[in-house]
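Q: sequence unknown, structure follows:
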């Protein structure tokens, strides 16, 4: 049986590049707790290794960088311990957030090759890297509203920093975006055709790395820049930027209920907008409310505050039956007919929504993260 994560130290002209490959093609490289722990241990080790100048992260195969966390394992944890602490799920979220925070604050350049599907936890990994590359086959989404979760692993950070109202629209609808969109909303940095990957790695290995992190970031940019310039003409047409004005109108409601009504009631022949509309319309009304509130409550927070806030919400969600039902309908039984607890967002009692934003433990496990 192959290792779930592969680690290599590639000798460079001076020093070495640490190479990480998420290696579970059968599950589109979805993250398990074991994989999160392996990543954390190696990132910590390489951070203190003077020989490692930079890190390159990729996914095995051509289909996906990482399709997210292993949601079926989270579902099993929630079903086995309904209403109370869900041991596996809560450990997974806590350690995943720590690993993502490590990436966001890493002292060395981290290059992410975001090829293929990048969803959920995969986007959390990519967003935390300092040099985020997307390709012609990149497909990004955070469709958590459809399984009664929320865009976590830093989504409260990067979606709040997207232009205008585009971040909240993507959060509420789980709309799929491509490489051009990812760059526009700020979750990727460069578009490079996938055929150049080996040449990019070779270019990194030819560099004379230094002990100065800033100089090494400049060296990474020097390697990536010409490949991005060569690839520019092949970049796909974006969906988010051309629809930004429509998105702003749809998100301009008196309250979140009006916003949900406007998106769900949109009459359009535009296939991208129609798919986004239908995703929200069929998603959990309760989840739409906690997605909106989470973004509102974290909009002025820094990362060290956001990750504990996300852990609190995620913990409350996995202890609630709405999440288990959403995963059952979409991923377990696949009947796509979830029995949501509320038919419309206006039916959700205020105290029910409020309960998801109260600490479920005496102290947040991520307190003092910085």
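A: Received the coordinates, thanks. Predicted model only: the values in this text are computed from it and were never measured. Residues are numbered from 1 along each chain as shown.
Q: residue ranges of the helices in the stretch 101-250 of the chain, please?
A: If DSSP state H, counting those that start in this stretch is used as the criterion, the helices of the stretch 101-250 of the chain fall at 121-128, 155-158, 166-173, 179-185, 197-205, 213-231, 244-250.
Q: which residues touch the first one?
A: Right, the one you point to is helix 121-128. Residues outside helix 121-128 that contact it (Cβ atoms under 8 Å, 6 or more residues apart in numbering): 29-31, 57, 59, 64-69, 96, 99-104, 106, 110, 112, 114, 118, 132, 140, 142, 152-155, 157-158, 187-188. Every C-beta, even on glycine, is put in place using the N, C-alpha and C of the backbone.
Q: try it again with 6 Å
A: Residues from elsewhere that reach helix 121-128 (Cβ atoms under 6 Å, 6 or more residues apart in numbering): 31, 65-66, 68-69, 100, 103-104, 112, 114, 118, 132, 153-154, 158, 187.
Q: starting at the chain centroid, how far to that helix?
A: Averaging C-alpha positions (Cα atoms, centre = their mean, to the nearest Å) puts helix 121-128 4 Å from its chain's average.
Q: avg pLDDT for that helix?
A: For helix 121-128, mean pLDDT is 97.
Q: likewise for the fifth one?
A: Averaged across helix 197-205, the pLDDT comes to 98.
Q: who are the packing partners of it?
A: helix 213-231 (3 or more Cβ pairs under 6 Å, 6 or more residues apart in numbering; DSSP states H and E).
Q: okay, now residue 53: neighbour count?
A: Per other Cβ atoms under 10 Å, the neighbour tally for residue 53 reads 27.
Q: quick one, the helix or strand hosting it and helix 197-205 angle?
A: Assigned by DSSP states H and E, residue 53 falls within strand 52-59. Per axes from the mean of the first three to the mean of the last three Cα atoms, to 10 degrees, the angle that strand 52-59 makes with helix 197-205 is 170 degrees.
Q: which residues does strand 52-59 contact?
A: By Cβ under 6 Å, 6+ apart, the surrounding residues in contact with strand 52-59 are 15-22, 29, 46, 65-66, 108-113, 209, 216.
Q: partner strands of it and their direction?
A: strand 16-22 (parallel), strand 110-114 (parallel) (DSSP bridges).
Q: ok, which of these comes nearest residue 200?
A: strand 110-114 (7.9 Å; Cβ to Cβ).
Q: just so I have it, where are all the strands in the protein?
A: 5-11, 16-22, 52-59, 64-66, 110-114, 117-119, 131-134, 139-141, 190-191 (DSSP state E).
Q: quick one, the longest one and helix 213-231 angle?
A: The one in question is strand 52-59. Put simply, strand 52-59 runs at 40 degrees to helix 213-231, going by the same axes, to 10 degrees.
Q: measure how far strand 52-59 is from the centre of its chain, please.
A: Counting by Cα atoms, centre = their mean, strand 52-59 comes out at 18 Å from the chain centroid.
Q: and the average pLDDT for that strand is what?
A: For strand 52-59, mean pLDDT is 98.
Q: pLDDT weak spots in this structure?
A: Within the chain, the stretches with pLDDT under 70 are 1, 370.
Q: just give me the residue right at the centre of it.
A: Central residue of the chain (Cα atoms, centre = their mean): residue 123, 2.7 Å from the mean position.
Q: quick revisit: out of the strands of the chain, which is the most enclosed?
A: strand 64-66 (a mean of 29; mean count of other Cβ atoms under 10 Å).
Q: so what are the sheet partners of that strand and their directions?
A: Counting by DSSP bridges, strand 64-66 is paired with strand 117-119 (parallel).
Q: residues in contact with the strand it pairs with: which ones?
A: Contacts with strand 117-119, where a contact means Cβ under 6 Å, 6+ apart, come from 28, 64, 65, 67, 68, 126, 139, 140, 141.
Q: which residues does the third one contact?
A: Contacts were defined as Cβ under 6 Å, 6+ apart; by that measure residue 65 touches 59, 114, 115, 116, 118, 122.
Q: if we use 7 Å, what do you get?
A: When contacts are counted by Cβ atoms under 7 Å, 6 or more residues apart in numbering, residue 65 touches 29, 58, 59, 113, 114, 115, 116, 117, 118, 122, 126.
Q: who does the closest residue to it other than its chain neighbours bridge with?
A: Excluding the flanking residues, the one nearest residue 65 by Cβ to Cβ, 6 or more residues apart in numbering is residue 59, at 3.9 Å. Beta bridges link residue 59 to residue 22 when assigned by DSSP bridges.
Q: can you lay out the strands paired with strand 52-59 as CSV showing distance to residue 362?
A: As requested, the strands paired with strand 52-59 are exported to CSV (distance: least, Cβ to Cβ, whole Å):
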stretch, distance to residue 362
strand 16-22, 35
strand 110-114, 34
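Q: who wins for proximity to residue 347 among the ones you listed?
A: strand 110-114 (38.5 Å).
Q: what's in contact with the closest one?
A: Under Cβ under 7 Å, 6+ apart, the answer for strand 110-114 is 54-58, 65, 103, 125-126, 129-134, 138, 188, 197, 220.
Q: residue 223 and residue 200 touch, don't they?
A: Yes. Between residue 223 and residue 200 there is a contact under Cβ atoms under 7 Å: 6.4 Å.
Q: follow-up on the earlier one: and the helices of the stretch 101-250 of the chain, which is most packed in?
A: By mean neighbour count, with neighbours taken as mean count of other Cβ under 10 Å, helix 121-128 ranks first of the helices of the stretch 101-250 of the chain at a mean of 28.
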